[in-house]
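Student: model this:
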Amino acid sequence: MAEYCRKSQFILASASPRRQHLLAEAGYCFEVVPSAVDESAFATKGITSEDHTKILALAKAGDVAIRFPNALVIGSDTVVDLEGEIIGKPNDAAHAEEITRKLFSRPHKVITGLALVCIEKNIEIVQADTTIVYPRRLTEAQIAEHIRKGDWQGKAGAYGIQETGDEFVDYIDGSFTNVMGLPMERIKRLLGTLGIHPDKYKSRT
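Tutor: So this is what the prediction gives:
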């Protein structure tokens, strides 16, 4: 079953399969051109987690927009904030366990920065969305199984809410899809202001 669109509506500057799935599921038609931005080159000290995500999202969108100046490009960056400390992606299993023990002891924030850029149309919109996650306290067995399964790989905060679900999270305050990496409610509003809506002709054949 191949999915097709009449015309690409924008470029997503991200290789994240979760972000791509969310946009496709919502009915948008887009191309994927991952940015070449080195996230580690951006300092985190002296700025808020929200500002950090917005700076990175804009850098990613801008990197791709330069190559496609007539296209609208969406860049995004997601971090986990624990009492002001930015928790990124784990380096290895030991780091993932350390992050998991830290995060699942008290509430934390998931913040996604969004940037919509089109050079030719002089569009530059930069915002951020925050969700507060109230976690469950994990048992030693749950932590060990989480690390063993490897679901923490490539994920800010060493977990994906779409995979851990109710087992890890008691409840959230804010957008669920934001915790997955893309706040779709906000995305839809922002794209709507630019006259971009899900393609009613998008279908499966």
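Student: how many neighbours does residue 173 have?
Tutor: Other residues near residue 173 come to 11 when the count uses other CB atoms under 10 Å. For glycine as for every other residue, the C-beta is placed from the backbone atoms N, C-alpha and C.
Student: Can you tell me how far it is from residue 127?
Tutor: When distance is defined by CB to CB, to the nearest Å, residue 173 is 18 Å away from residue 127.
Student: before we move on, what about residue 40?
Tutor: From residue 40 across to residue 127, the span is 24 Å (CB to CB).
Student: cool, and residue 46?
Tutor: Taking CB to CB, one finds residue 46 at 21 Å from residue 127.
Student: ok, the residue nearest the centre of the chain - contacts?
Tutor: Residue closest to the average C-alpha location in the chain (CA atoms, centre = their mean): residue 181, at 2.3 Å. Going by CB atoms under 8 Å, 6 or more residues apart in numbering, residue 181 touches 16, 18, 19, 22, 76, 78, 112.
Student: what about 10 Å?
Tutor: With contacts defined as CB atoms under 10 Å, 6 or more residues apart in numbering, the neighbours of residue 181 are 14, 16-22, 76-78, 110, 112, 155-156, 160-162.
Student: Make a ChimeraX selection of the buried ones in these.
Tutor: This is the ChimeraX syntax for the buried subset of these, where burial follows 16 or more other CB atoms under 10 Å:
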select :14,16,18,19,20,22,76,77,78,110,112,155,156,160,161
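Student: out of the contacts of residue 181, which are inside helices?
Tutor: Secondary structure assignment by DSSP state H places 17, 18, 19, 20, 21, 22, 161, 162 of the contacts of residue 181 in helices.
Student: so what secondary structure elements neighbour the longest helix along the chain?
Tutor: If each helix of the chain is counted by residues according to DSSP H, the longest one is helix 49-67. Taking 3 or more CB pairs under 10 Å, 6 or more residues apart in numbering; DSSP states H and E as the contact definition, the neighbouring helices and strands of helix 49-67 are strand 10-12, strand 73-82, strand 85-87, strand 108-118, strand 123-135.
Student: could the ones you listed go into a markdown table alongside mean pLDDT and distance to residue 144?
Tutor: Rendered in a markdown table, the data for those read as follows (pLDDT from 0 to 100; distance: least, CB to CB, whole Å):
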| stretch | mean pLDDT | distance to residue 144 |
| --- | --- | --- |
| strand 10-12 | 98 | 35 |
| strand 73-82 | 94 | 21 |
| strand 85-87 | 88 | 20 |
| strand 108-118 | 96 | 21 |
| strand 123-135 | 96 | 17 |
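Student: would JSON lines of those strands with distance to residue 186 be doable?
Tutor: JSON lines is the format used below for the helices and strands packed on helix 49-67 (distance: least, CB to CB, whole Å):
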{"stretch": "strand 10-12", "distance to residue 186": "15"}
{"stretch": "strand 73-82", "distance to residue 186": "11"}
{"stretch": "strand 85-87", "distance to residue 186": "21"}
{"stretch": "strand 108-118", "distance to residue 186": "7"}
{"stretch": "strand 123-135", "distance to residue 186": "5"}
